[in-house]
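Student: okay, predicted coordinates and the sequence, questions at the end:
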Amino acid sequence: MDYQPRPEDVSFLLNAVLDAPARLATLAPFAEVDEALQSQVLEEAGRFVGEVVAPINRGGDEIGCRFVDGEVVSPPGFREAYQAFVDGGWPALSAATEDGGQGLPAVLEAVLYEWLAAANHGLTMAPGLLHGAYACLKHHGSEELKQRYLSKIATGEWLATMCLTEAHAGSDLGQVRTRATPQMGQADGSLRVNGGKIFISGGEHDLTPNIVHLVLCRLPDAPAGPKGLSLVLVPKLLPDGTRNAVHCERMEEKMGLHGSPTCTMRFDDATGWLVGEPGRGLAAMFVMMNSARLHVALQGIGLLDAAWQKADAYAAERRQMRAPGPVPASRGSEPADLIAEHPAVRRILDTQRAWIDGARTLAYRSALMLDVAAHDADPKARERAQRWCSFVTPVLKAACTHQAFHGASECLQVFGGHGYVREWGIEQIVRDARVTMIYEGTNEIQAIDLLVRKVLPDGGVGMSAVLLELRDTLDASREADADVQRRLAQLRYLGTTVAMAAHANPVLPYEVADDYLRVTMLAMMAWAWARIEAVAPQDADKARAAAAFRRWVLPEFEMRLGIVKRACETVALSHHAATPPGVAN
């Protein structure tokens, strides 16, 4: 069974829950993007993903990419599918019209990439960085670089990579050693780049003739650490069409994602050009990374939906034993009941459905906020939208990818032994999903980014503002809404509690960051489900998923809240005991 997008599910969340068409209509570039146009785009995107991208997913996994004489050969059908992707204008969905794009909202691009990842994660890795590379170059590239590369990236005619990681450094970018030195006598300001990078998705491939590498490196006399990093654009093919000194040394043999080449790259006096200011490489690349992290969260949601679709379809056909409780209507004269009627299987399916719809609501709201932050005429509205994205992006990246892997593993359980063999396709999703917890910043790094770098510096004021915005969208006269408001208040107070405890023990926030991020996601999921239930009180499927969320997911809120509070209380007691009598605390 291949993945099939369901535009009606997405349209319900965008229109009924988030009121996206009305919000987009207030933004000048999207004044004509009404519900009808949005529906048309989603229908066409769903058809393309279901008919062109999904059918080649299994072959991409089983055959995979091949490394032949320094060149990467894509799995059968990938080149044709990618060309159809470009011909259909899909890479350029949200790029500006002056750059060859369609000028549509980022939220529609978000849905597209969620579906692409669900249908064929390996192929989707190829264009997955286009949106970030486009934004990075548009904001920080010189006019000459924009003229040469921007429209090619916007339309997907050329693909791009993000070259950060080095073997000795991992996530510690301050240790990057790759060097860039000015070329003497060259009037074009070009640089010579030397060094090596690992884990480069799409570092070499045969999908497009040129590949634009954005390389993090050091200029001469640059200071040590992250403040000495610059960003350099290094193309596979130089402007005159000759091959640049960029080489793929090998492809990594991976647990999953066999349809995507993960390359070890070497730059031997490769020619490149500075993007942005010297020593401001991380600032230039941050546009790319932040966008990429939201898309990784969407990958997690898509992969979980793909796993759920397979498990749900299997459970509706497979019969095993008698289900406990009332006789199901589907039994008839059959000697066994559908496993979908068994409480243990029902719990798995409904719990994953709860995660998918709740997380989708938050991710689509974040994508919508990207549009607001970029285009709203009100600077205060832009500021609020940017604040939301800053705080919520690491939450979504970590929580959605965590659930993608663990939830897909739960869906595999529905198949029993059949899930562990290849023919059903569920084991591929489990393997492919695992890497999302690692790349674009491990989930632990996301948690530290949230608590240590964003919540604590202002004592939780910024996070409180985000939570108050959610609170104010709820109706306290409704029992479900009042419960969410109580949880949001607890989360606000928790930030203050951690901030106070951190003064006594600066290590504490690093220890409880994962728990804090998790409790944040659960509170926001509760908000999402309150909104869903408010607009669809008679929908039986959503009522069942909402009940599963409250029964099987939300209780973790109290557990994580208790873990963080107890850690803070332990610090307070230890600090009090260590303070000599008569000394002020």
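Tutor: Cool, got the structure. Numbering: from 1, shown residues only.
Student: only C-alpha atoms for contact and neighbour calcs from this point on.
Tutor: Will do.
Student: Ser333 is in what secondary structure piece?
Tutor: According to DSSP states H and E, Ser333 maps onto no helix or strand at all.
Student: ok, and what's touching the longest strand along the chain?
Tutor: Longest strand of the chain, by residue count under DSSP state E: strand 262-275. Residues outside strand 262-275 that contact it (CA atoms under 8 Å, 6 or more residues apart in numbering) are 137, 140-142, 189-204, 230-235, 238, 244-252, 281, 284.
Student: if we use 6 Å, what do you get?
Tutor: Strand 262-275 is contacted by residues 140-141, 190-201, 203, 231-234, 244-252 when judged by CA atoms under 6 Å, 6 or more residues apart in numbering.
Student: which positions in it come out as buried?
Tutor: 262-267, 269-275 (16 or more other CA atoms under 10 Å).
Student: and for stretch 31-43?
Tutor: By 16+ other CA under 10 Å, the buried positions in stretch 31-43 come out as 32-33, 35, 38-39, 41-43.
Student: do me a favour and average the pLDDT over that stretch.
Tutor: What stretch 31-43 shows for mean pLDDT is 95.
Student: now that stretch, how far from the centre of its chain.
Tutor: How far stretch 31-43 lies from its chain's middle: 24 Å, per CA atoms, centre = their mean, to the nearest Å.
Student: what's next to that stretch, contact-wise?
Tutor: If you take CA under 6 Å, 6+ apart as the criterion, stretch 31-43 is touched by 7, 21, 25.
Student: let's go with 8 Å and repeat that
Tutor: Stretch 31-43 is touched from outside by 7, 11, 15, 21-22, 24-25, 104, 108, 112, with contacts defined as CA under 8 Å, 6+ apart.
Student: for the stretch 301-450 of the chain, which segments count as helices?
Tutor: 343-375, 379-414, 426-434, 443-448 (DSSP state H, counting those that start in this stretch).
Student: and those helices as a markdown table, adding mean pLDDT, mean neighbour count and distance to Ser171?
Tutor: Shown next, in a markdown table, are these (pLDDT from 0 to 100; neighbours: other CA atoms under 10 Å; distance: least, CA to CA, whole Å):
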| stretch | mean pLDDT | mean neighbour count | distance to Ser171 |
| --- | --- | --- | --- |
| helix 343-375 | 97 | 22 | 25 |
| helix 379-414 | 97 | 23 | 15 |
| helix 426-434 | 98 | 24 | 17 |
| helix 443-448 | 97 | 22 | 9 |
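Student: relative to Glu444, which of the contacts of stretch 31-43 is nearest.
Tutor: Comparing the contacts of stretch 31-43 against Glu444 with CA to CA places Leu112 closest, at 27.4 Å.
Student: can you tell me, leaving aside adjacent residues, what's nearest to that closest one?
Tutor: Ala45 (6.5 Å; CA to CA, 6 or more residues apart in numbering).
Student: do the same with Asn57
Tutor: Asn120 (4.9 Å).
Student: do the same with Gly100
Tutor: The nearest residue in space to Gly100 (CA to CA, 6+ apart) is Ser151, at 5.8 Å.
Student: how about the strands in this protein?
Tutor: 66-68, 71-73, 159-163, 179-182, 191-201, 211-218, 229-235, 246-251, 262-275.
Student: run the chain-centre distance for the fifth one.
Tutor: Spelled out, it's strand 191-201. Per CA atoms, centre = their mean, the centroid offset for strand 191-201 relative to its chain is 24 Å.
Student: now the third one
Tutor: Distance, stretch centre to chain centre, for strand 159-163: 17 Å (CA atoms, centre = their mean).
Student: which outside residues touch it?
Tutor: For strand 159-163, contacts defined as CA under 8 Å, 6+ apart pick out 126-127, 129-130, 133, 153, 197-198, 200-203, 208, 210-216.
Student: quick one: Asp350 from Thr242, how far?
Tutor: 55 Å (CA to CA, to the nearest Å).
Student: over to Ala126?
Tutor: Taking CA to CA, one finds Ala126 at 23 Å from Thr242.
Student: neighbour count winner among these two?
Tutor: More neighbours surround Ala126 than the other of Ala126 and Thr242, with 23 against 9 (other CA atoms under 10 Å).
Student: give me the nearest residue to that one, chain neighbours excluded.
Tutor: Looking at Ala126 with CA to CA, 6+ apart, the closest residue is Gly202, at 5.9 Å.
Student: what's around that neighbour, how many residues?
Tutor: With neighbours defined by other CA under 10 Å, the count for Gly202 comes to 26.
Student: for this protein, which spans come out with low pLDDT?
Tutor: Along the chain, the model assigns pLDDT under 70 to residues 184-185, 288-290, 575-585.
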